[in-house]
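> The sequence isn't on hand, but the structure is:
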């Protein structure tokens, strides 16, 4: 027989998630506080593949009706960790500094309706929607349909990335010798702690 506390913890987690405000428009990136995503490069051999896994955790998210969603992320692997800030607005996503200045555009405003754009000489194009093959690791409530984006660098290097709502990049492939090779894939999703309940916006 399960201890009552074992039943209480999952129930409390679900209650906290239900209380979190929802973004006004779809966000193609992680934004739920405490959400932790784990990625690996399937093209690398074991045990190096597992040893070099990258963990991305949402440490803080600011959600206000009609305003941009500001998300603070912590990226970590065995080599160290790095803090980042991403601002989501009207479908687009920007990497920003502490003063809110744009360092790089990750996705353009109006995405995915905006089908073509150029970022620092790299050409980007939406190439279509598709169900993610790895969606079995996601909760049943997650949307498994994502948007594939192809980028071509000034040197001609091509890369395809699948973005899912509320998660962002879940898989990336590079063109190598005429074949598409998966070089990054989401392999784990969970919450490392209970998300902090937010006060209602007045």
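Nice, thanks for sending it over. Computed from a predicted structure; not experimentally measured. Numbering: from 1, shown residues only.
> show me where the protein has helices.
4-19, 48-51 (DSSP state H).
> Going by mean pLDDT, which of the ones you listed comes out lowest?
Least confidently modelled of the helices of the chain is helix 4-19, at a mean of 40 by mean pLDDT.
> For residue 71, the count of nearby residues, please.
For residue 71, the tally of surrounding residues (other CB atoms under 10 Å) stands at 26. Yep, even glycine has a C-beta here, placed from its N, CA and C like the rest.
> residue contacts, it?
29-31, 58, 60-62, 85-88 (CB atoms under 8 Å, 6 or more residues apart in numbering).
> redo that, cut-off 7 Å
The neighbours of residue 71, taking CB atoms under 7 Å, 6 or more residues apart in numbering as the test, are 29, 31, 58, 61, 86, 88.
> my guess is the second one meets residue 61, correct?
Yes - contact status for residue 31 versus residue 61: in contact at 4.9 Å, counting by CB atoms under 7 Å.
> which neighbours do those two share?
Contacts common to residue 31 and residue 61, judged by CB under 7 Å, 6+ apart, are 69, 71.
> now residue 162, which residues is it bridged with?
Going by DSSP bridges, residue 162 is paired in beta bridges with residue 148, residue 171.
> burial measure for it, as a count.
Neighbours of residue 162 under the rule other CB under 10 Å: 24.
> Please list only the buried members of the contacts of residue 71.
Buried members of the contacts of residue 71, counted by 16 or more other CB atoms under 10 Å: 29, 31, 58, 61, 86, 88.
> State the pair within the residues you listed that is farthest apart.
58 and 88 (12.0 Å; CB to CB).
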